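In: everything below, folded, please.
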Amino acid sequence: MRSSISLVCPYTHDPLRPEGDAWVTRDGKTRYPVVDGIPNCVYPPRLGADDERWSKFYDLFAPFYAWSERSLGGLVTGLDIVEVRRDMMRLVPGGPGERILEVSPGPGTYQPDLAAKV
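Out: The predicted model follows:
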């Protein structure tokens, strides 16, 4: 079953409409390109200086994210993080032949589990 797509501008929250190879704001001034079939609604398109510094920090930390989630996450929460992830994946709809759009995937920790669903 397919549902219709409804997107809004992340800055103005106005509805976006498809136009050619992009989604555009009502006034047509802001365009969000579709890349490999996925609307790229990143705003702003260029990071500010502060965000750029955090992005670099994140890039350094990302390779250790899965390890820290498994190791430290359990210590902090008292939960088996891997089991919690499996429980979460059971709640995600999807099946063979369907597509799932993961928004803000970080280092991709959930992507193998999502790929297994489809």
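In: so where's this protein uncertain?
Out: Within the chain, the stretches with pLDDT under 70 are 1-5, 43-45.
In: nearest to the middle of it, which residue? Look it up for me.
Out: With distances taken as Cα atoms, centre = their mean, residue 103 lies nearest the centre of the chain, 1.5 Å away.
In: quick one: residues contacting that one.
Out: Residue 103 is in contact with no residue at all, counting by Cβ atoms under 8 Å, 6 or more residues apart in numbering. For every residue, glycine as well, the C-beta is placed using N, CA and C.
In: tell me where this structure has strands.
Out: Taking DSSP state E as the test, the strands found in the chain are 16-19, 22-25, 31-35, 38-39.
In: most tightly surrounded among the ones you listed?
Out: Highest mean neighbour count among those (mean count of other Cβ atoms under 10 Å): strand 22-25, with a mean of 18.
In: contacts for it, please.
Out: Here strand 22-25 makes contact (Cβ under 8 Å, 6+ apart) with 7, 9, 12, 14, 16-17, 30-34, 39, 41.
In: and if we set it to 7 Å?
Out: The contact list for strand 22-25 (Cβ atoms under 7 Å, 6 or more residues apart in numbering) reads 7, 9, 12, 14, 16, 17, 30, 31, 32, 33, 34, 39.
In: strand partners (parallel or antiparallel) of that strand?
Out: Taking DSSP bridges as the criterion, strand 22-25 sits next to strand 16-19 (antiparallel), strand 31-35 (antiparallel) in its sheet.
In: buried ones in stretch 73-83?
Out: Burial within stretch 73-83, assessed by neighbour count using 16 or more other Cβ atoms under 10 Å, is assigned to 73, 81.
In: how far is it from where the chain is centred?
Out: 23 Å (Cα atoms, centre = their mean, to the nearest Å).
In: please enumerate the helices of this structure.
Out: According to DSSP state H, the chain carries its helices in the segments 49-61, 65-77, 81-91, 111-117.
In: still on that earlier bit, could the strands of the chain go into CSV alongside distance to residue 74?
Out: Conversion of these to CSV gives the following (distance: least, Cβ to Cβ, whole Å):
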stretch, distance to residue 74
strand 16-19, 40
strand 22-25, 40
strand 31-35, 36
strand 38-39, 33
